[in-house]
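K.L.:
turn this into a model:
(chains A, B, C and D)
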2 protein chains.
Amino acid sequence: MSGTRRGLSSNDIARLAGVSQATVSRVLSGSARISEATRAKVMRVVEDVGYTPNAIAQAMRTRQSRTVGVAVSRVTNPVVLEILEAFGARLSALGRRMVVWNTDSEGEAAVIEAIRQGTVDGVVFTAASHQRTAIDEARARRLPLTLFNRPLPEVDCDQIVSDNRNGARTLARYLLSGGRRRIAYLSGPLDRTTLLERDRGFSDALAEAEQPLWQHCGAERVFDQQRFRQLAILLMQQAERPDAIACGNDMIAFAVLNGLASLGVRVPEDVWVAGFDGVAMSGWDLFDLTTMQQPWDAMADAAVATLIDQIDGNDSRAGIAQSEATLVVRGSTDHWHPPAQRHDKQRSPNGRNQ
Amino acid sequence: MSGTRRGLSSNDIARLAGVSQATVSRVLSGSARISEATRAKVMRVVEDVGYTPNAIAQAMRTRQSRTVGVAVSRVTNPVVLEILEAFGARLSALGRRMVVWNTDSEGEAAVIEAIRQGTVDGVVFTAASHQRTAIDEARARRLPLTLFNRPLPEVDCDQIVSDNRNGARTLARYLLSGGRRRIAYLSGPLDRTTLLERDRGFSDALAEAEQPLWQHCGAERVFDQQRFRQLAILLMQQAERPDAIACGNDMIAFAVLNGLASLGVRVPEDVWVAGFDGVAMSGWDLFDLTTMQQPWDAMADAAVATLIDQIDGNDSRAGIAQSEATLVVRGSTDHWHPPAQRHDKQRSPNGRNQ
DNA sequence: ACGCTGTGTGCATACGTATGCAAAGATAGC
DNA sequence: GCTATCTTTGCATACGTATGCACACAGCGT
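P.N.:
Below is the predicted model:
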């Protein structure tokens, strides 16, 4: 019923233009020495019939799929959005396709399968839990590989990350300078190197100020919005409440803000809240979240550049490229203290919660 | 430097197992009649060397890429997340790959190119603006095609949509029954059939109640968060304020809530707010948004089923399948009125804003 | 006229798989 | 024991493209 869905091939074009298939191929790749006359003749036919080379056959012949895979964890984490949007735009501009693996729902199997099937020329692993078998598979096949926002020092490959430890140090110092003394730190499972580094940096700064961490809790199991919301509620129901809650990332901070809202706890009057990542939503009035802003665009640029370089065989390894996150102070913390750093893209005239 | 990244082929397996390449292929496809002895012999070698068939070559031979494309608009719209997550999981379970096109940043070109290049077996177009040339291209190539959440009656293809007109009618009746009389309706560009239908349904219900629409405004250009936030602020700065703001979708409603928060306007005491779509975030305490919940999972099931049927040549066309959205009442409207429908998955003990 | 260089084109092949067809072996019917 | 049927396997080929190699031909110097 569906008719023969067969497209035209370069052979058809060759016949129509009265040249050989090889000539058609050369005209379209634009590389070889072709006379202007035949080039025009071929292009004319190509335009007329609307021919486009079959990408599958090209991939077969060149052994390059012109596709890169990006493995992400929970797609519902807005930081993943920032990453995907940045990568998609850049790869598309370079004429590459992008496939996305949701390692949260599909596991590593899909990634490993794709690597072995040869459907991707390279892979990017973004913030996620271990995934070591998939990484090892890529290494074993010598497949270009970049870690993004997720250092793994023991793996020898390009890593585009931010200095999470130092960033967390900056954040902790800011909270201390704002007079916070009962600081709770809320984070996720520490098999995520990103969160682990942030924990360390945070502890560094507190130790350096000879200030104990008031409370440290984390959801050991999964990255679970409801769980963090509940933890925030428990924190505030104690006899002695914290005066600041620092979070391992913005998503956790959102959950905390939700929990506080359900209790009627005011931010920042009753407690300060701070996140880490700088996702777009953190600037919304309802969150107005102080956070460590990562330079997503610059990081994506670097990651795509180094990955494509590897794919194309230019041996310009990036190694471990560390960028710095910058503190963005918003209404979820009392922002009078460091006057130079006030950042209000969306001006909110009467501050938070009026 | 990078060594020869050549994997093993079915020829290698055949040689190692002492059979022909054809036999290896038949064993792995599992279909043909192969004796148990040779099957075991081949599988043994396959396991030992860790062989996986080259998907590119398979695609070349079978003329099936086992990949479907999904065109989405702004990736930052959370509804897109719901859709991508639902599609990804289902396609992965069926052993299909998924590529995502962000038509907002890449335009239609990438979609058309992929269709012509033969890298996808079928396409799904989700909520977005027109994209007619891409749709026409797919039709011309007889490529399986499904419209998702986005009716286009003049196009003859499967369409999985919800009854937006009726849903909006339900929402309007609810607001009226709650005593709202000065209702503003805030929507986006009406070249999106989804929003157009919702506008119509909303008008239907008001006309039927002989109640005029207080105010109707929309951003004509783009889908712009900042713009809707500003519109909400302007609405509330008028001499006579609306007592309810209904929004064309949840994303607009979030922008409105942000604008109201920046003014210190209370919800629902000063004004009710309602959305449409039922994205996961609408249940967060800070939004607590009354909305029309679309049955995303069921819709994704239907879309994937009909698309795969088309790809596999089973002529079970779904036609235009319309599902119903259900009203979910939350704290952004005064929820005492329709007692049966209170929906509180996340119990918020003291209600909104304490 | 001959050789030589350079330019433009065609011929042939390989990439890795799936599959139609034929053939070899096994089993059964007479 | 001979033919007929069934099962299992191999041979050969095609999918659409890119590219090494050879070849034709023009231009030019001798």
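K.L.:
spatially central residue in chain A, please.
P.N.:
residue A:83 (3.5 Å; CA atoms, centre = their mean).
K.L.:
need the pLDDT of that one.
P.N.:
For residue A:83, the model assigns a pLDDT of 85.
K.L.:
what's next to the helix or strand that contains it, contact-wise?
P.N.:
Under the criterion of DSSP states H and E, residue A:83 resides in helix A:78-93. Helix A:78-93 is contacted by residues A:68, A:70, A:72-74, A:97-98, A:100, A:124, A:126-127, A:148-149, A:249-251, A:277, A:279-281, A:296-297, A:300-301, A:303-304, B:75-76, B:81, B:100, B:102, B:105-106, B:110 when judged by CB atoms under 8 Å, 6 or more residues apart in numbering or on different chains. All C-beta spots, glycine's among them, are computed from the backbone N, C-alpha and C.
K.L.:
now for the worst-scoring helix or strand of chain A on mean pLDDT, which elements pack on it?
P.N.:
For chain A, counting by mean pLDDT, DSSP states H and E, strand A:215-218 ranks last in confidence among helices and strands (a mean of 72). Secondary-structure packing of strand A:215-218 (3 or more CB pairs under 8 Å, 6 or more residues apart in numbering or on different chains; DSSP states H and E): strand A:183-187, helix A:225-236.
K.L.:
adjacent strands (with direction) for the shortest one?
P.N.:
Partners of strand A:183-187 in the sheet, by DSSP bridges, are strand A:215-218 (parallel), strand A:244-247 (parallel).
K.L.:
and the angle from that strand to helix A:225-236?
P.N.:
Angle, strand A:183-187 to helix A:225-236, by axes from the mean of the first three to the mean of the last three CA atoms, to 10 degrees: 160 degrees.
K.L.:
what lies in contact with strand A:183-187?
P.N.:
The set of residues external to strand A:183-187 that reach it, using CB under 8 Å, 6+ apart, is A:172, A:175-176, A:195, A:198-199, A:202, A:206, A:211, A:213-218, A:228, A:231-232, A:235, A:242-248, A:252, A:256.
K.L.:
one more: the longest one?
P.N.:
Where contact means CB under 8 Å, 6+ apart, the residues beyond helix A:225-236 that reach it are A:184, A:186, A:215, A:217, A:219, A:221, A:241-242, A:245, A:247, A:251-252, A:254-256, A:258-260, A:262-263, A:265, A:271, B:285, B:346.
K.L.:
burial count for the residue of the stretch 201-350 of chain A found nearest chain B?
P.N.:
In the stretch 201-350 of chain A, the residue that lies nearest chain B is residue A:264 (3.2 Å; CB to the nearest CB). The number of residues packed near residue A:264 is 15, by other CB atoms under 10 Å in any protein chain shown.
K.L.:
on that earlier part again, adding mean neighbour count and distance to DNA strand C, write the strands paired with strand A:183-187 out as JSON lines.
P.N.:
Shown next, in JSON lines, are those (neighbours: other CB atoms under 10 Å in any protein chain shown; distance: least, CB to the nearest atom of the strand, whole Å):
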{"stretch": "strand A:215-218", "mean neighbour count": "15", "distance to DNA strand C": "45"}
{"stretch": "strand A:244-247", "mean neighbour count": "28", "distance to DNA strand C": "47"}
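K.L.:
of all those, which lies closest to DNA strand D?
P.N.:
strand A:244-247 (49.6 Å; CB to the nearest atom of the strand).
K.L.:
how about low-confidence regions in chain A?
P.N.:
Applying pLDDT under 70 to chain A flags the ranges A:1-6, A:32, A:75-76, A:127-130, A:190-191, A:219-223, A:335-354.
K.L.:
ok so, going back, how far does the least confident helix or strand of chain A sit from its chain's centre?
P.N.:
Here the centre of mass of C-alpha atoms in strand A:215-218, compared against the chain's by CA atoms, centre = their mean, to the nearest Å, lies 25 Å away.
K.L.:
same check, this time on stretch A:31-47
P.N.:
42 Å.
K.L.:
which parts of the stretch 151-300 of chain A are helices?
P.N.:
A:164-177, A:193-208, A:225-236, A:250-263, A:296-312 (DSSP state H, counting those that start in this stretch).
K.L.:
gap between residue A:302 and residue A:317?
P.N.:
12 Å (CB to CB, to the nearest Å).
K.L.:
one more: residue A:10?
P.N.:
For residue A:10, the distance to residue A:317 - CB to CB - is 37 Å.
K.L.:
between these two, which is the more surrounded one?
P.N.:
residue A:10 (21 against 12).
K.L.:
isn't residue A:188 right next to residue A:218, touching?
P.N.:
Yes - using CB atoms under 8 Å, residue A:188 is in contact with residue A:218, at 5.8 Å.
K.L.:
what's the overlap in contacts for these two?
P.N.:
By CB under 8 Å, 6+ apart, the residues touching both residue A:188 and residue A:218 are residue A:248.
K.L.:
up against chain B, what does the stretch 51-200 of chain A have?
P.N.:
Listed as neighbours of chain B in the stretch 51-200 of chain A under the rule CB under 8 Å from any CB of the partner chain: A:52-57, A:59-60, A:63, A:65, A:75-76, A:81, A:84-85, A:88-89, A:92, A:97-100, A:102, A:105-106, A:110, A:113-114, A:116-119, A:141-143.
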